[in-house]
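# requesting a structural model of the entry that follows:
(4 chains)
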Amino acid sequence: MSGPALLTIEDVVVELPTPRGNLRAVDHVDLSLGAGRTLGIVGESGCGKTMLSRAILQLLPKKAKLSGRVIFDGQDLVRLNAEALRRLRARGIAVVFQDPMTSLNPVLTIGTQLVETLQEHLELDAAAARRRSAELLAAVGIPAPEQRLSQYPHQLSGGMRQRVAIAIALSCEPKLLIADEPTTALDVTIQAQILDLLAREQRRRHMAMILITHDLGVVAGRADEVAVMYAGRVVERAPTPALFKNMHMPYTAALLAAIPKIEAAPHTPLAAIPGRPPDQTRPLKGCSFAPRCRNVGDQCLRSKPALTTAETEGHCYACFHPLKISAGVSA
Amino acid sequence: MLGFVARRLLYLLPVLLAVSLLTFLIASLLPGDLAYVILGDQATPDKVAALRHDMGLDQPIWWRYLGWLGHVLVGDFGRSFRTGQTVLQAVTERLPVSFELMLLAELGALIIGIPLAIACAVRAGSAFDRFVTGTAFSMLSVPAFLSAILLIYFFAVELRWLPATGYVPFSEDPLGNLRCFVLPALTLALGEWPVLMRVLRSDMIATLQEDYIAMARAKGLKPSRILLVHALKPSSLTLVTVTGINIGRLMGGTVIVESIFALPGIGRLLLGSIYTRDLIILQGVVLCVAAGYVLLNFIVDMLYAVLDPRIRHGHA
Amino acid sequence: MHGNPTIVARDPLLKVENLVVEYPIGARTVHAVSDVSLEIARGETLGLVGESGCGKSTLGRAVLQLRRAKSGRVLFDGADLTALQGDALRKMRHRVQLIFQDPIASLNPRRRIGDIIAEPLVIAGVKDAKKRRELVCETLSAVGLDPALVVGRLPHEFSGGQCQRICIARALVLNPEFIICDEPVSALDVSIRAQILNLLEEMKQRFALTLLFIAHDLAVVKAVSDRVAVMYLGRLCEVGPSAQLFDKPAHPYTALLIEAIPVPDPDVRPAESVAVGEPPSPMAPPSGCRFRTRCPRADAKCAAEVPELRPVASGQYVACHHPLI
Amino acid sequence: MATLELDIAEDVVVSPARRSRKLGLLFWAAIGWLVFVLLVAILAPVLPLPSPTDMDMLERRGPISALHWLGTDALGRDEFARLIFGARISLTVGLFAPIIGLVIGGALGLLAGYFRGRFESFVVGSMDVLLAFPPLILALAVTAYLGQSILNLTCILGVLGIPAFMRVARASTLTLARREFVIAAQALGATHARIIIRELLPNVALPLLAFFLLGVAVTIVVEGALSFLGLGVPPPISSWGSMIGEGRESLEVAPMLAFIPAIAMFLTVLSFNLVGDTLRALTDPRQGAL
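Numbers count the residues shown, from 1 in each chain, chains lettered A, B, ... in the order given. Sure thing, here's the model as predicted:
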C-alpha cells in the first residue's frame, strides 16, 4: 500500500461483561488503512463491527476491557492520556452514527452543536464559528443554512439530520472518518444521496474512511477494500473486486448468495444460511461459522483458522477449506 | 407555543371550577347540620331554623353553591364566626410565612439533591453511588414529623443552637427570622431531596447512554461541558415535572412543620380551623390552597414548555 | 373514481375501493392513505413497496379494519368488511391474519409459546384442549420448530428468526385464506431473512394462501411477489407484474427507487444520484401528483391534475401524466 | 426445498436472557421484618400482653421492667402492648387503603389506557381534579367533616390513592397497547375483555404490585401524620403516629416514648419501600432504575 498506513490495528480484543457471562465482542482483529482510502467493514448484527469502531475511537463503555494496539498517525491511542486523546478527537478521527434521530442533542440548536465543536478545536470567535457552520451546512447540501442554525434537531427530517451529523464530523478537517451504518435508518433514495455526499467529501478532502454496514451492496460500489466480520473476528479481507469475484471464505459466499437480487426472477428460492447467529457468550472452540458451514471438516470443529494471505496481494481469509473459485458466485 | 398555552389555560378553568365544587361538596359531608354546629349544643330549634334561613341552608344545594361561588369570585370567601376575620384576611396574612418555608425547603432540596444526583450518575454503580442512593432511599422512609422531632431533639434540646418554636417576621429581624426557619425548612428539605435526587440520577444515567453523548465525546468536548450541558440539560426537564408534583407533598408537609415549630402559616390556620370546628375558614383555606396548587402546577407546565424546545417548536 | 383499473382476470379474493385513511395529530391531519384501489386474486402474492411514511402499513391495518377508514370499501370474498361491526367482524378474523415487523414485540412476554399459538384456537371456539395441543404441535413443526422444546418456553428465550417462525405458526394455526405480512423480514439479519422468506413461500404453497407482502426493500418484494404495487405519500403510483415492472418501470418514482438500490457488484458503478430532495410531509401533501416536487419530468399539468391509474402495458398500470413507457 | 432442518435441536438452548437481578440481602431482610410485623399485628389479641389501655397512674413514664418490657407512657399505659396494637392500626389503614386505590385506580387506568378517546379524557380529567388538592390537606379536610374513625380514614386515604394508581396503570397500558402483540390479539378477533385480561393484565400486574407496596409505605406515613396531629385515629385507639405525637410532649424527659414507635414505623415503611422499589426496578428496563 502507498506509504505508511494512517491507521493500524494490531491484535485488538474487546471484552464486555453481560448478565449472561463475558462477551468477547472483538476477537484478535488486525486491520490497516492508508490515507485517503476507504475500508468497508461488513457483517451481520452482533459480529462486533460497531464495537471495533468504538475501540478505534476509544469510546468503549466504561465496563469494557480493551487490549492490543490502535496506531493512528504514528501514535498508539490505547496508551494516549485522556487529554491528548480528547484533543485528537474531531481533528484526527471523526464519527457519524447510525440513527440520526438520537445522534444529535434534542435540546440544543443545530448551531450550538456545530459552533461548540469548532470553538473547541479551532481558535474561532463566535461570529466566525457561526459563519463557518453555515458554510459547512451548505457544503453537505442543506438548503437555507442560516435558518437551520437556530432550529432544533426534531424540526428536521432523518436525511437532513444525518447531513448535519456529517457536517459536524467534517467540521475540523479530520484525517479519518468512521461511518457506522450511516444510512441504515434512512430510505433507499435518501441513502443514495448520503453515500454520494460521503464519497464526494472524502475525495475532496483526501480523507480516509471506514464504512461500516451490514449491506454488501453499500460497500460494493464505495469501498476500495472490504473486511468481512463474523463472531468478533475478521474472516476475510480483500480489495473489493477480489472479495466479490474471488472470495475464499464460505461465509462471504453464503452471505452474498442469501441476498435477494433485483435482477433475479420472482420466486427463485434463496440460498438461506441455516442455523442461528453465533452466541458470543458461549464461544465455540473451533471456527464460529462451523455449525452453519457447508464445507465444514473436523479440523474446523477443533481449532480456529488463522488469517492466511491468499495469492493476490492484500487478500487474506480465515478458513481451513477455502472456496477455490476464480470468478462468479458459488451456490 | 401560544396554542399550547391557550389549550392548557382552557383546560385549567374547568379544573378550578371542579375544585371549587368538590370543596363545597365536602362541606355537605358534615353529619348533622352546620347551623347546629355553629350555635353549639344549647341551640334551641327556632334559633337553629333562623340561622339556617339567613345562611340560606334551606335552599337547594346547587343554588347555595352558585351563591357561594358568586361570592368567592369577588374574593369573599366568607367570614369566620369564631374570629370574625374574613378568610381572605387570614390567608393573605399568613401566606408569606408558608411561602417562605416552602421556598427555603425546595431550595434546600435542590442544593442537596442536584449535585449528589450528578455525582452518582457519573459514578453509577460505585460505592459512593450505592451509599448516597441508599441514604436517599432510607430518608424517603422518614416522615416529616419524625425528622422534625429528631432535629428538635438534637439541635434544640441537646445542643440548644436553634429555637424549637417561635417566629420573628423578616421585616423586624432578618437574621432572627432565618434562624427560626432553619429547622422547619431543613425538615421538609430532608424529605424532598431524595425524590429529586433519585429522579435526576436515573434520568442522567439513561441520558449518558444516549448516542448524542457518545457524539459529544467523539467531538472531543471537555468532560465538564458534556456533563453539565449535553447531559444535564435534557435530564433537568424531568426535574421540573417532579418539582411540580412535589409541591403537593410540600404543602402537606408545611401543615405538620408549622404545627410542630409553631410557625403562623396557612398550615397552622388550617389545623386551627379543624380543632375549633371553624368550618367557614376550613372551606376557604382548602379552596385557596387547592387553587394555589393548581396555578403552581400550571406555571410548572409552562416552565417545562419553555425549556423543552420540542414543545416550544411543535412539529418536525 | 370510476371502475377499478387494476382488474385481475381471476376472481379477486380481496378488493379495496377508493380507500381513504386520515388521522389527526394535534391540530393537523395526516393524509396516510388517499383514494387507493387494488385487487388481490386468490392464491396471488401482491407486493406493496414504498418508503417509510408512504402509508403502506396503514393501508394493511385499514384492510384488516384494525384502523377505521374515513371512506371507501374493503371487500373480502364478497363481504364488505368496512360495513361489519363487533361480532360479525370478529367472525371474519380467523380467515385473515397479520404478521408484523418486530417478531419479539409481537409475542406477549409473559405467556408461554404453547398458549400464544393456542390463543387463536380458543378464540375461534375450539373447546377440546387435546385437539388444540395437536394443532399447535402440527403447526410448530410445519414452521420448522420442535414443539417439545418450544411449547413450554417464554418468548425472550428465542432469537428474532425463531420468534418470527412462532408468529407465522400463530397466523397459520387457524388455516387462514389471506395473510398480510407487514415488513416481516426488515428487522432480521440477512442470513435469517432468507430462511423466513423461503418459509413464507413454502407455507403459501402448503396452505394455499393469498398474501399481501408489505416492505421497503425492492429486491425482497420482487423475490416473493407475483404483482407489485408502488406507493408514494398515500397514493399508488404504479401496479404491475413484478418482473415486468422492475425491467421497464413506467413511473419515474419506481425508476428512482430501482436506480437507488445498492447493487452487491463492484463493477456496477453507483449512478451519481441527481439531487431529488426529501419526501414532503404527509400532513401537507403537494397538489396534483404528489411526487412532482421530486420528479425531473414534473410540469404545470402535474401540479394541477391528480393523475389516475391507467393501463400502460399488459397488466401494468401507472398514475403519471408523463410515464416512462 | 428450502433448508428447514431443525435449528433448535442443538443441545444448548440460550439460558433465560432476562436480567436475573440478584435480590440481595437487604431485600430479604425487608421481607423478614414485614412478615414479623404482620404476624405480630395479626396475633396481637392472643399474645400474652397487658391491655394497652389500662392506665397505672403510679407508674407514669416507668422504665423498662419485667412487667413493662418497654416501660410505660405518660399515662402509665404499657408501651410494649401499645406498640403492638398500634402496629395493628397502622397496618390496617396502611394495607387496606391502597387496596381501594389499586382496584379502582388500576381498573380505571387500564380501561382508559386501552379504550382512549372520550372515556380516557373523562377519567384523566376527573383524576386531575382530585390531584388538584395537596393529599394531606384534603385528608385533613374530609376527616374534619366526616368525623374521625378507622373506616373513614381508610376510605379517605384509599380514595386519595386512586389517581396515582390510575396514572401508573394507564402509563404501562399505553406503552403495552402500542406493542404489536396486542394488535395481533385484535387481529385474531379477541374480544376487548379477553385482550385486557389475557394480554394486558399479566403485564400490568407487576408494576401495579410494586406501586401498591410503595403506596402502603406512603399511606402508613400519611396516617401517621394525621394521627400525630391528633386528627387520624380517634383516641383511645392509638397508632404509631399518635404514639409519636403523645411522646413529643415528653421529649426532654423520656425521648424513648417517641423514638420507639418512630423506629418501628421507619423500619416498616423502609421495608415496604425497599420491596416495592426492587419489584419496580425489575419491571423498568432502564438501567440504573433503582
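
# could you use CA atoms for every contact and neighbour count after this?
Noted.

# secondary structure element holding the residue in the stretch 101-250 of chain B that chain A sits nearest to?
In the stretch 101-250 of chain B, the residue found nearest to chain A is residue B:212; the distance is 4.2 Å by C-alpha to the nearest C-alpha. Under the criterion of DSSP states H and E, residue B:212 resides in helix B:211-218.

# buried residues in that helix?
Buried residues in helix B:211-218, counted by 16 or more other C-alpha atoms under 10 Å in any protein chain shown: B:211, B:212, B:213, B:214, B:215, B:216, B:217, B:218.

# and if you look at stretch A:68-79?
Within stretch A:68-79, the residues that count as buried by 16+ other C-alpha under 10 Å are A:68, A:69, A:70, A:71, A:72, A:73, A:77, A:78.

# residues in contact with the closest residue to the fourth one other than its chain neighbours?
What it means is residue A:71. Among residues not flanking residue A:71 along the chain, residue A:8 sits closest, at 5.1 Å (C-alpha to C-alpha, 6 or more residues apart in numbering or on different chains). Applying C-alpha atoms under 8 Å, 6 or more residues apart in numbering or on different chains, one finds that residue A:8 lies in contact with A:30, A:31, A:32, A:33, A:69, A:70, A:71, A:72.

# show me these that map onto strands.
Applying DSSP state E to the contacts of residue A:8, the entries found in strands are A:30, A:31, A:32, A:33, A:69, A:70, A:71, A:72.

# where does the closest residue to residue C:28 other than its chain neighbours sit: helix, strand or coil?
In space, and not counting its chain neighbours, residue C:28 is closest to residue C:283: 6.7 Å by C-alpha to C-alpha, 6+ apart. Per DSSP: H, G, I helix; E, B strand; the rest coil, the local secondary structure of residue C:283 is coil.

# excluding chain neighbours, what is closest to the residue nearest the centre of chain D?
The centroid of chain D falls nearest to residue D:216 when counting by C-alpha atoms, centre = their mean (1.4 Å). Of all residues not flanking residue D:216 in the chain, residue D:94 sits nearest, at 5.1 Å (C-alpha to C-alpha, 6+ apart).

# what strand or helix carries that neighbour?
Assigned by DSSP H and E, residue D:94 belongs to helix D:79-100.

# may I have that helix as CSV, with CA atoms only?
Output of helix D:79-100 as CSV, limited to C-alpha atoms (Å, rounded to 0.1, in the frame of the first residue of the first chain):
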residue,chain,number,x,y,z
GLU,D,79,-45.7,0.9,76.0
PHE,D,80,-44.9,-2.6,74.5
ALA,D,81,-48.6,-3.5,74.3
ARG,D,82,-49.5,-0.1,72.8
LEU,D,83,-46.7,-0.6,70.2
ILE,D,84,-48.1,-3.9,69.1
PHE,D,85,-51.8,-2.7,69.0
GLY,D,86,-50.5,0.5,67.3
ALA,D,87,-49.0,-1.7,64.6
ARG,D,88,-52.4,-3.3,64.1
ILE,D,89,-54.0,0.1,63.4
SER,D,90,-51.2,1.5,61.3
LEU,D,91,-51.1,-1.7,59.1
THR,D,92,-54.9,-2.0,58.9
VAL,D,93,-55.1,1.5,57.4
GLY,D,94,-51.8,1.2,55.6
LEU,D,95,-52.7,-2.0,53.8
PHE,D,96,-56.5,-1.6,53.1
ALA,D,97,-56.5,2.0,51.9
PRO,D,98,-54.1,1.3,48.9
ILE,D,99,-56.2,-1.7,48.0
ILE,D,100,-59.1,0.7,47.2
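
# what residue ranges in the chain score low on pLDDT?
Looking at chain A here, since you left the chain open. Residue ranges of chain A with pLDDT under 70: A:1-3, A:325-331.

# correction: the question concerned chain D.
Along chain D, segments meeting pLDDT under 70 span D:1-22, D:284-290.

# from it, which residue is nearest to chain B?
Chain D approaches chain B most closely through residue D:134 (4.3 Å), counting by C-alpha to the nearest C-alpha.

# got it, and the stretch 151-300 of chain C?
When scored by C-alpha to the nearest C-alpha, the stretch 151-300 of chain C has residue C:281 as its residue closest to chain B, at 8.9 Å.

# read off the pLDDT value for that residue.
Residue C:281 carries a pLDDT value of 85.

# what about it, how many neighbours?
15 (other C-alpha atoms under 10 Å in any protein chain shown).

# for residue C:290, see how far away it is.
Separation of residue C:281 from residue C:290 (C-alpha to C-alpha, to the nearest Å): 11 Å.

# same deal with residue A:216?
32 Å.

# next one: residue A:208
Plainly put, residue A:208 is 40 Å away from residue C:290 if you go by C-alpha to C-alpha.

# quick check: residue C:130 is in a helix.
Yes. Under three-state DSSP, residue C:130 sits within a helix.

# neighbours of it, just the number please.
Residue C:130 has 10 nearby residues by other C-alpha under 10 Å.

# could you do residue A:6 as well?
Neighbour tally, residue A:6, other C-alpha under 10 Å: 18.

# quick one: contacts for residue 236?
Went with chain A since none was named. A:227, A:228, A:229, A:248, A:249, A:252, A:307, A:315, A:316, A:317, A:318.

# not what I meant, chain C
With contacts defined as C-alpha under 8 Å, 6+ apart, the neighbours of residue C:236 are C:36, C:229, C:230, C:309, C:319.

# the first one - how many residues pack around it?
In other words, residue C:36. Neighbour count of residue C:36, defined by other C-alpha under 10 Å: 20.

# and what of the third one?
By the other C-alpha under 10 Å criterion, the neighbourhood of residue C:230 contains 25 residues.

# wait, it sits on residue C:237?
Yes. With contacts counted by C-alpha atoms under 8 Å, residue C:230 reaches residue C:237, the gap being 5.8 Å.

# neighbours around residue 243, how many?
Going with chain A. 24.

# chain D is the one I meant
25.

# now do residue B:44
Neighbour tally, residue B:44, other C-alpha under 10 Å: 11.

# from residue B:278, how far out is it?
Per C-alpha to C-alpha, residue B:44 is found 20 Å from residue B:278.

# just residue A:319 next, same as before
91 Å.

# more neighbours, the two?
With neighbours defined as other C-alpha under 10 Å, residue A:319 and residue B:278 compare such that residue A:319 has more, 24 against 20.

# ok, that one touching residue A:301?
No. Look at residue A:319 against residue A:301 with C-alpha under 8 Å: they stay out of range, at 11.5 Å.

# which stretches of the stretch 51-200 of chain A form helices?
For the stretch 51-200 of chain A, applying DSSP state H, counting those that start in this stretch gives helices covering A:82-88, A:110-121, A:126-139, A:145-149, A:158-170, A:188-205.

# closest to residue B:226 out of those helices?
Closest to residue B:226 of those is helix A:110-121 (C-alpha to C-alpha; 10.9 Å).

# and the residue in the stretch 101-250 of chain A positioned nearest to chain C, what element?
Nearest residue of the stretch 101-250 of chain A to chain C: residue A:217, at 3.6 Å (C-alpha to the nearest C-alpha). Element membership of residue A:217, judged by DSSP H and E, is helix A:216-220.

# then residue C:22?
Per DSSP H and E, residue C:22 falls inside strand C:12-25.

# what does that strand rub up against?
Residues outside strand C:12-25 that contact it (C-alpha under 8 Å, 6+ apart): C:1, C:4, C:29-42, C:58-59, C:62-63, C:68-78.

# try it again at 7 Å.
Strand C:12-25 is contacted by residues C:29-42, C:69-77 when judged by C-alpha atoms under 7 Å, 6 or more residues apart in numbering or on different chains.

# need the three-state assignment for the residue nearest to residue A:71.
strand.

# before we move on, what about residue C:265?
When classified by three-state DSSP, residue C:265 comes out as coil.
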